[in-house]
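Chemist: sequence and predicted structure below; questions after.
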Amino acid sequence: MDLLTALVDKGLRRESPTRDEALAVLATSDDELLDVVAAAGRVRREWFGRRVKLNYLVNLKSGLCPEDCSYCSQRLGSKADILKYTWLKPDEAVAAATAGVSGGAKRVCLVASGRGPTDRDVDRVSRTIEAIKDGNEGVEVCACLGLLSGDQAERLRAAGADAYNHNLNTSEGTYADITTTHTYADRVDTVRQAQAAGLSACSGLIAGMGESDADLVDVVFSLRALDPDSVPVNFLIPFEGTPLAKEWNLTPQRCLRILAMVRFVCPDVEVRLAGGREVHLRSMQPLALHLVNSIFLGDYLTSEGQAGQADLDMIADAGFEVEGADTTTLPAHRRGGEAPAGAGGDAGAGCGAHDTACGSCAHDGVPAQAATATATATAAPVASSSGSASGTGARTDLVAVRRRGAGTDLPPNA
Ligand code: SF4
């Protein structure tokens, strides 16, 4: 296809596709899907080889949020039967983080529900960051605490945080349809505050909330313009008890096209397959590794992922390798924006090569996320391939509420 040849050439040169080209990727047929994956895979391998970075989520504070993000199981008024607890103690957070690092994770993502942290919260998280870094040499720490002031961002950076996550989630034009308690502009501002403080920005999206192809392209181009170092791509987990509980409208093929489009628009950025991986890609998960260079290990914030060992086996079986702590994730031309391998590093910056740029993440980006068909800590989930049609009811076979790890007495899945 001329389209794919043009997109590969641009990706290898770090040039942006046109908006029409990005839309055309989303409009490709199932007959063309493997060609699309192969083309985007060439771009992925150019900048990241066959490495897969593992990230590990620690939910510091779960549920009871005053914000009303429609996709989130922790939202105001959520009836989802999730774990609810206030701040983990630093030693509890360290234990959870250490389990993730022992399982192969290179980055620990500390997430807390809420509109944004108080100064006292920032002090608390700062102590937690310092304790995690003391006990896990070379680990990267990303904080995800909601809307952030410039001063708070600087304090987190001073405490040793490498990155900050705040997602844009959806296009500016549809943002008010999914959340009313804060604005798209609030989110953009937080990403910029993090960047200004020298934190590596992590910002992404959630697909499957009823948005159009144009909306998806809009948010991904907005992300490119913001120029984060990592872009998490979440696929909505329609959590029972949330307003989007019936939005089962993704197929594995649709997810792969979306990931390919993100890779073409953000060719040299860490594209992270986030929540919804197991639920929506199911047996097609290994194909997504040709598009993304980063995933979460084990469980998500409020839902279960497949067993950590199943993640590692999948990576090995597909011919990829887990990225080690001694390897720098981003290509050399972007390294001003991330922590040098094995060190705290000075984050910040972004891709100067981007003529437009890439975007942000919310500590939600992962909340109402993925899960698996199993509720055990060891079984490999991946449910049947039949659940992708729209308009279906609860999929308890696909979405399991997290009942282990942080906030429980059971060991974490890592
Ligand atoms: S995404 Fe974050 S801010 Fe929004 S409801 Fe969930 S926890 Fe609260």
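Modeler: Cool, got the structure. Numbers count the residues shown, from 1 in each chain.

Chemist: does Ser303 really touch Phe239, like I thought?
Modeler: Yes. Counting by C-beta atoms under 8 Å, Ser303 touches Phe239, with 7.5 Å between them. Any C-beta I mention is one placed from the backbone N, CA and C, and that applies to glycine too.

Chemist: state the distance from Glu137 to Val101.
Modeler: Distance from Glu137 to Val101, counting by C-beta to C-beta, to the nearest Å: 9 Å.

Chemist: check contacts around Ala22.
Modeler: 217, 220-221, 261, 264-265 (C-beta atoms under 8 Å, 6 or more residues apart in numbering).

Chemist: looking at these, which are in helices?
Modeler: Among the contacts of Ala22, the members found in helices (DSSP state H) are 217, 220-221, 261, 264-265.

Chemist: what does stretch 148-163 contact?
Modeler: Against stretch 148-163 from outside (C-beta under 8 Å, 6+ apart): 107, 116-117, 119, 122-123, 125-127, 129-130, 133, 140-143, 164, 166, 190, 193-194, 196-202, 229-230, 338-339, 344-345, 347.

Chemist: which of the residues you listed are buried?
Modeler: 107, 116-117, 122, 125-126, 129-130, 133, 140-143, 164, 166, 190, 193-194, 197-202, 229-230, 338-339, 344-345, 347 (16 or more other C-beta atoms under 10 Å).

Chemist: among the residues you listed, name the ones in helices.
Modeler: Those of the buried ones among the contacts of stretch 148-163 lying in helices (DSSP H): 122, 125-126, 129-130, 133, 190, 193-194.

Chemist: if we take the residues you listed, which one ends up nearest to the ligand?
Modeler: Nearest to the ligand among these, counting by C-beta to the nearest ligand atom, is Thr190 at 11.1 Å.

Chemist: out of the ones in helices among the contacts of Ala22, which is nearest to the ligand?
Modeler: Scanning the ones in helices among the contacts of Ala22 for proximity to the ligand, where the rule is C-beta to the nearest ligand atom, the winner is Val220, at 19.4 Å.

Chemist: what's the burial count for the closest one?
Modeler: Neighbour count of Val220, defined by other C-beta atoms under 10 Å: 28.

Chemist: distance check, the residue lying closest to it once chain neighbours are set aside against Arg257.
Modeler: Spatially, and ignoring its direct neighbours in sequence, Val220 is nearest to Val265 (4.9 Å; C-beta to C-beta, 6 or more residues apart in numbering). Counting by C-beta to C-beta, the gap from Val265 to Arg257 is 13 Å.

Chemist: how about Leu110?
Modeler: Leu110 sits 32 Å away from Arg257 when distances are taken as C-beta to C-beta.

Chemist: in the stretch 201-350 of the chain, what residue lies closest to the ligand?
Modeler: Counting by C-beta to the nearest ligand atom, the stretch 201-350 of the chain gets nearest the ligand through Leu301, at 8.4 Å.

Chemist: quick one: that residue is in a helix?
Modeler: No. For Leu301, which was evaluated using DSSP: H, G, I helix; E, B strand; the rest coil, the result is coil, with no helix membership.

Chemist: from memory it sits against Val58, does it?
Modeler: No. Judged on C-beta under 8 Å, Leu301 makes no contact with Val58 at a distance of 9.1 Å.

Chemist: which one's more surrounded, the two?
Modeler: Set Leu301 next to Val58 and count neighbours by other C-beta under 10 Å: Leu301 wins out with 32 against 28.

Chemist: buried sites along the helix or strand harbouring Arg224?
Modeler: Using DSSP states H and E, Arg224 falls within helix 213-226. Neighbour counts over helix 213-226 (16+ other C-beta under 10 Å) mark 213, 215-224, 226 as buried.
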